[in-house]
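Student: Fold the following and give me the result.
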Amino acid sequence: MQEGWGVCLVATIKTVAERAGVSTATVSHVINGTRTVSEVTARNVMQAMAELGYVPSAFGRGLRKNTLKTLGFVAADMTNPYFAQVFRGVETVALERHYNVIVTHSDEDPDKELRAISNLIARGVDGVLFAPAATTAEMAAEYRKIPVPVVTFDRIAPEGTFPAVVADSRAAMFDAVRRLRAHGHQAIAFVSSKPGLSTSADRWEGYTAAIHPLPPFVFQGNARYDGGERAAHWISSFKPRPTAVVISNNLMAMGFVATLLEHFPTVMQTIEVVAMDDEPWTTFVRPPLSVIAQPTDQIGRQAAGMLADLISGQTVDQLKILPCRFIPRNPELAGGHPGDPGQTSAGNTPPQ
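Tutor: Below you'll find the predicted structure:
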């Protein structure tokens, strides 16, 4: 502990007033500028604050002056590294725009999400950033009741309720599956994410567009680690099994790979795995995983910037789509598209 921290922790406005020989009201007037005091009194109060290491509460001062600028950030899942990476971008822009950020989470539960947003509003936030946990018409009606500016990230709110910043995972998924097909994979499994989310739909559409006319192999996941565990048991049960698998959520990819390495190591060595998100662990496993990388920092920066603009009364785009990219770590997949039997379209763009 640094010298003087102990004093700072116990110093209060009362101890400052006693040291300066004035009332607590006078100290408050000096701090907040709510009433004129003599130059000598102000100097004595400031000196007492310095000697005691007293730091006025920015939160309390902001509430009194109505100048505290705060954004609310609702992560859908605190255990998911994706949301931590997005938050870094949010915080960068928030600091640049002189906002504080209050963080909470919904645990992918729509009811918890609404409670989290209500709690943020009760704490006086100027606006909210969140990744919608559901896309029903009923939720759209609830979202419309939110009384502060909102921007969603990663996912689009139902009925386009709010401006959104998302990644084009559909095109990247199409690219990944096309590359797998081009290099000889004819049985490519797909582990889908939580139903009803815009991201889940995008990735499913990218997969089905690229796999056609080959038959799909689909496991319905849940955007959780245990969904990946169950998917690993599922794919290991095939005889013959698919030669490649694309997993549309990062937590499921972790559960999938960990389960294969522990229980089915030979399977891990005989299939090509493509994971969502370029996280460090994907390079540690052997073989290293090819990934679909999302621009998480930019998603956070763009979303925070849009929200700050909305709060200040500016008009913003209703939808910003940022590019993803497929990162092939198998050298055979890194050579582009040498040709794909049954496909006539060129390039990496999926048909609409």
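
Student: how about low-confidence regions in the stretch 1-150 of the chain?
Tutor: 1-11, 32-34, 53, 55-67 (pLDDT under 70).

Student: quick one: the helices in it?
Tutor: 5-10, 13-20, 24-32, 39-52, 58-65, 81-96, 110-122, 137-143 (DSSP state H, counting those that start in this stretch).

Student: would you turn those helices into JSON lines with mean neighbour count and distance to residue 246?
Tutor: C-beta here means a position set from N, CA and C on the backbone, and glycine is covered the same way. Below are these laid out as JSON lines (neighbours: other Cβ atoms under 10 Å; distance: least, Cβ to Cβ, whole Å):
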{"stretch": "helix 5-10", "mean neighbour count": "11", "distance to residue 246": "52"}
{"stretch": "helix 13-20", "mean neighbour count": "18", "distance to residue 246": "59"}
{"stretch": "helix 24-32", "mean neighbour count": "19", "distance to residue 246": "58"}
{"stretch": "helix 39-52", "mean neighbour count": "16", "distance to residue 246": "60"}
{"stretch": "helix 58-65", "mean neighbour count": "13", "distance to residue 246": "46"}
{"stretch": "helix 81-96", "mean neighbour count": "19", "distance to residue 246": "17"}
{"stretch": "helix 110-122", "mean neighbour count": "17", "distance to residue 246": "27"}
{"stretch": "helix 137-143", "mean neighbour count": "15", "distance to residue 246": "28"}
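
Student: want to try JSON lines for those, with distance to residue 331 as columns?
Tutor: Formatted as JSON lines, these follow (distance: least, Cβ to Cβ, whole Å):
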{"stretch": "helix 5-10", "distance to residue 331": "54"}
{"stretch": "helix 13-20", "distance to residue 331": "66"}
{"stretch": "helix 24-32", "distance to residue 331": "64"}
{"stretch": "helix 39-52", "distance to residue 331": "63"}
{"stretch": "helix 58-65", "distance to residue 331": "53"}
{"stretch": "helix 81-96", "distance to residue 331": "27"}
{"stretch": "helix 110-122", "distance to residue 331": "43"}
{"stretch": "helix 137-143", "distance to residue 331": "45"}
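
Student: and of those helices, who's closest to residue 210?
Tutor: With Cβ to Cβ as the measure, helix 81-96 is the member of the helices of the stretch 1-150 of the chain nearest residue 210 (23.1 Å).

Student: Which strands or helices does that closest one pack on?
Tutor: When contacts are defined as 3 or more Cβ pairs under 8 Å, 6 or more residues apart in numbering; DSSP states H and E, helix 81-96 sits against strand 70-75, strand 100-105, helix 296-311.

Student: Who are the contact partners of the spatially most central residue of the chain?
Tutor: Compute the mean C-alpha point of the chain, and by Cα atoms, centre = their mean the closest residue is residue 83, 2.9 Å away. Listed by Cβ atoms under 8 Å, 6 or more residues apart in numbering, the contact partners of residue 83 are 75-77, 105, 131.

Student: again, only using 7 Å
Tutor: Counting by Cβ atoms under 7 Å, 6 or more residues apart in numbering, residue 83 touches 75-77.

Student: now those residues in TSV, with distance to residue 89 and neighbour count?
Tutor: What follows is the contacts of residue 83, written out as TSV (distance: Cβ to Cβ, whole Å; neighbours: other Cβ atoms under 10 Å):
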residue	distance to residue 89	neighbour count
75	13	22
76	16	24
77	17	18
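
Student: Turn those into a markdown table, columns for distance to residue 41.
Tutor: Below are the contacts of residue 83 laid out as a markdown table (distance: Cβ to Cβ, whole Å):
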| residue | distance to residue 41 |
| --- | --- |
| 75 | 47 |
| 76 | 52 |
| 77 | 53 |
